[in-house]
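# Kindly return the folded structure for what I paste below:
(chains A and B)
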2 protein chains.
Amino acid sequence: MTGGAEPRLGPGAEFERILSLVRVLGARASGVGDDCALLDIGGEVLATSVDLSIENVHFRRDWLTLQEIGWRAVAGALSDLAAMGATPDGILTGIAVPGDTAPADIDECTRGIRALLEQTGGSVLGGDLSSGPVWTISVTVLGRVLRPVLRSGAAVGDTLWVTGSLGGSRAALESFIAGQDPPPPSRERFARPLPRLAAGAWLAKHGAHAMIDLSDGLAGDIRHLAAASSVAARVDLARLPLHPGVLSMAEQVGEDPAAFAAQGGEDYELLVALPHDFPAPLVERFESETGVPITRIGQIEAGEGVELSLAGHPLTIAGYDHFR
Amino acid sequence: MTGGAEPRLGPGAEFERILSLVRVLGARASGVGDDCALLDIGGEVLATSVDLSIENVHFRRDWLTLQEIGWRAVAGALSDLAAMGATPDGILTGIAVPGDTAPADIDECTRGIRALLEQTGGSVLGGDLSSGPVWTISVTVLGRVLRPVLRSGAAVGDTLWVTGSLGGSRAALESFIAGQDPPPPSRERFARPLPRLAAGAWLAKHGAHAMIDLSDGLAGDIRHLAAASSVAARVDLARLPLHPGVLSMAEQVGEDPAAFAAQGGEDYELLVALPHDFPAPLVERFESETGVPITRIGQIEAGEGVELSLAGHPLTIAGYDHFR
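I've put the predicted structure just below:
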């Protein structure tokens, strides 16, 4: 949409590579750098995004059922639509599996995709099926929105909020890594995340300034929002809504629970900047109409960069990086 | 678009798996089974499709440069737009590379993508970048068309045509497999195919009944067109326009050149059904306006199935199957 402008992203090897890629594309890159690419389609905007899920990078076969693998791959992609406030039309799936995979296994993964789409709306519009060395699922989402919410719209004075709760997915991940069975609520969050589509659409309709979905962790993703908006973000970690299960797992790995949650990827909650005069009764209406809690965690200030503080002390923590 | 109807596809393990997948999705599948998925967007139709390119399945690193790998991955996907008559808005790329890949290598692949888009129009609208065990490129194409040409529109009496020439890509492939350097024209066809976008748009505008791009080989792809249209197709292989380089390579592998070309995948030419009264002067105009030759190879008849004959004898040959 923005026609070849270089995206403003937070730090990290993955994002340096994306910037390099955009530089190489020159005028052949357009609008890269938000949760979704946007196309004007007569009155509405089409929002679209692609997400890769690769065995042993994004999931392990011994941690998840094939239904969960299918669900999770699509949930991560639909979450990008949620972050624009868009409603899904559907998805395209590119699935590669080892050549000796039983057809019933592909069906099983497909059942997980269907189960999620029954919750979110949208259908599978098309796809590609191939062999490959490991399970690989590429999901392209297509949705529509009247007024998309960009990462770049945050303004000085805005308040920062997150939907739901954070750290549940990481709590499950740390359990798996430690060879334990995650407690059921953490496992559910990791295995079958629910993209915040209704919440995102509601926030878009009610004037949210900027939004991003938390796929790489609050600590990393908030940097993209601040960089895209050319503002500074300040977060009080003591305010973070923690997923049940975070406390015990943070203790087990010896981290502060809020810092643990801020570094946890794949919660698929929304981080949203609301105008400073956003009315409190409207916040209550959001919660009653979407069934999703929303918590104020900080604010937007003049300047640049992100300050995450705990009990008044700034903390340096990183998001998840697929190239670290 | 067709809302949960089961697609009619030709035979092959890959297509059986796709049918099974559509059955599992039930009402959550919609419009699967043409070259592109279609969405109505106020007056126009959005056409979209996804293609996977996976190292050691779709290409080998020692056969192609990284620029060619990028070009080829995108060309195959854009060819699906050509088959609908659509004009590209752009693409989304999901690229996975081994963790130790030099950033310069990703840039090199991106240069190939840019070079193709400079030929075809369209830009990179967004993407995902990840690590993975092998080079994996998922390309989603987005384009628009006023009146898309489906696979299912062929009618009894239609004539069947192909653009350009066939077998060049397979000639290169057989050279590579034999450990030889392919002759430059064959190598070029394999490494840097040009999707027939202008040709497809022209044919859509001038009333083509049905179209499919030749990605898996004429012998296989024509079965999808016949099945989708509930008609029989009859092709005289002696009429096939052969790519230079087919003759010598067909001799080397001991096959009839036309049968060799009919089984060759990844030519990315278009197979098109034109109305029986399509005027000859219009065929000439197609060639002069698009610069692409078009050859009549057969016709549509009542019934079902496909007959490929050579010198009056029916031939049984198969298309390429990624699961064979």
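
# pretty sure A:Leu125 is touching A:Ile91, no?
Yes. In terms of Cβ atoms under 8 Å, A:Leu125 counts as a neighbour of A:Ile91; the distance is 6.7 Å. C-betas here are computed from N, CA, C, even on glycine.

# who touches both of these two?
Both A:Leu125 and A:Ile91 are in contact with A:Leu142, where contact means Cβ atoms under 8 Å, 6 or more residues apart in numbering or on different chains.

# of the two, who's got more company?
Remark: of A:Leu125 and A:Ile91, A:Ile91 carries more neighbours, 31 against 24, as counted by other Cβ atoms under 10 Å in any protein chain shown.

# Low-confidence regions, chain A specifically.
Across chain A, the ranges flagged by pLDDT under 70 are A:1-5, A:317-324.

# Helices of that one, start to end?
Listed in chain order, the helices found in chain A under DSSP state H are A:13-25, A:66-84, A:103-120, A:168-177, A:184-191, A:197-205, A:218-229, A:246-253, A:257-262, A:280-290.

# buried set for the last one?
Under the neighbour-count criterion of 16 or more other Cβ atoms under 10 Å in any protein chain shown, helix A:280-290 has A:Val283, A:Phe286, A:Thr290 buried.

# And the first one, by the same measure?
Residues A:Glu14, A:Phe15, A:Arg17, A:Ile18, A:Leu19, A:Leu21, A:Val22, A:Val24, A:Leu25 are the ones in helix A:13-25 that count as buried (16+ other Cβ under 10 Å).

# if I pick the second one, what's in contact with it?
What that stands for is A:Phe15. For A:Phe15, the contacting residues are A:Leu9, A:His224, by Cβ under 8 Å, 6+ apart.

# Tell me the spacing between it and B:Arg8.
45 Å (Cβ to Cβ, to the nearest Å).

# Run through the residues that contact A:Ala154.
For A:Ala154, the set of contacting residues under the criterion of Cβ under 8 Å, 6+ apart consists of A:His209, A:Ala210, A:Leu225, A:Ala226, A:Ala228, A:Ser229, A:Val231, A:Ala233, A:Ala273, A:Ile300.

# how far away is it from A:Leu237?
The span separating A:Ala154 from A:Leu237 equals 19 Å under the rule Cβ to Cβ.

# repeat for A:Ile106
Distance, A:Ile106 to A:Leu237, using Cβ to Cβ: 42 Å.

# Same check on A:Ala191?
Distance check for A:Ala191 against A:Leu237: by Cβ to Cβ, it reads 26 Å.

# A:Pro293 now?
17 Å.

# Repeat that for A:Met249.
Noted for A:Met249: a distance of 17 Å to A:Leu237, by Cβ to Cβ.

# thinking A:Ala86 is in contact with A:Ala47, fair?
Yes. Taking contact to mean Cβ under 8 Å, the distance of 4.1 Å between A:Ala86 and A:Ala47 places them in contact.

# Comparing those two, which shows the higher neighbour count?
Neighbour totals were compared for A:Ala86 and A:Ala47, and A:Ala86 leads with 31 against 28 (other Cβ under 10 Å).

# How about that one: what's its closest non-neighbour residue?
In space, A:Ala86 comes closest to A:Gly143 once its chain neighbours are excluded; the distance is 3.5 Å by Cβ to Cβ, 6 or more residues apart in numbering or on different chains.

# Which residues are in contact with A:Gly157?
Neighbour list for A:Gly157: A:Pro275, A:His276, A:Gln299, A:Ile300 [criterion: Cβ under 8 Å, 6+ apart].

# Return the member of those residues nearest to B:Gly31.
A:Pro275 (40.1 Å; Cβ to Cβ).

# what number of residues lie near that closest one?
The local packing count at A:Pro275 equals 14, with neighbours defined by other Cβ under 10 Å.

# How many residues are close by the closest residue to A:Val156 other than its chain neighbours?
In space, not counting the residues next to it along the chain, A:Val156 is nearest to A:Ala302; the distance is 4.9 Å by Cβ to Cβ, 6+ apart. Residues contacting A:Ala302 under the criterion other Cβ under 10 Å number 10.

# what do you get for A:Ser309?
Other residues within reach of A:Ser309, judged by other Cβ under 10 Å, total 14.

# still on that earlier bit, and the residue nearest to A:Ala86, what are its bridge partners?
In this structure, A:Gly143 has the following beta-bridge partners (DSSP bridges): A:Ala47, A:Pro88.

# for it, what are its contacts?
By Cβ under 8 Å, 6+ apart, A:Gly143 lies in contact with A:Cys36, A:Leu46, A:Ala47, A:Thr48, A:Leu81, A:Met84, A:Ala86, A:Thr87, A:Pro88, A:Asp89, A:Gly122.

# Over to A:Ala311?
With Cβ under 8 Å, 6+ apart as the criterion, the residues that contact A:Ala311 are A:Ala238.

# Compute the distance between it and A:Ala258, please.
From A:Ala311 over to A:Ala258 the distance is 10 Å, taken as Cβ to Cβ.

# got any residues that touch both of the two?
Counting by Cβ under 8 Å, 6+ apart, the common neighbours of A:Ala311 and A:Ala258 are A:Ala238.

# what's near enough to touch the closest residue to A:Gly94 other than its chain neighbours?
Nearest residue to A:Gly94 in three dimensions, chain neighbours excluded: A:Ser138, at 3.7 Å (Cβ to Cβ, 6+ apart). The neighbourhood of A:Ser138, defined by Cβ under 8 Å, 6+ apart, consists of A:Val50, A:Asp51, A:Leu52, A:Ser53, A:Thr93, A:Gly94, A:Ile95, B:Val50, B:Leu52, B:Gly94, B:Ser138, B:Thr140.

# if we can go back for a sec, so A:Pro293 and A:Leu237 - more neighbours on which side?
Summary of the neighbour comparison: A:Pro293 and A:Leu237, criterion other Cβ under 10 Å, with A:Leu237 having more neighbours (22 against 15).

# isn't the more buried one right up against A:Gln263?
No. The criterion here is Cβ under 8 Å, and A:Leu237 misses it with A:Gln263 at 10.6 Å.

# Let me know how buried A:Asp277 is, in neighbour terms.
Neighbour count of A:Asp277, defined by other Cβ under 10 Å: 7.

# what about it, distance to chain B?
Going from A:Asp277 to chain B by Cβ to the nearest Cβ, to the nearest Å gives 33 Å.

# and that residue, backbone torsions?
phi -100, psi 20 (degrees, to the nearest 10).
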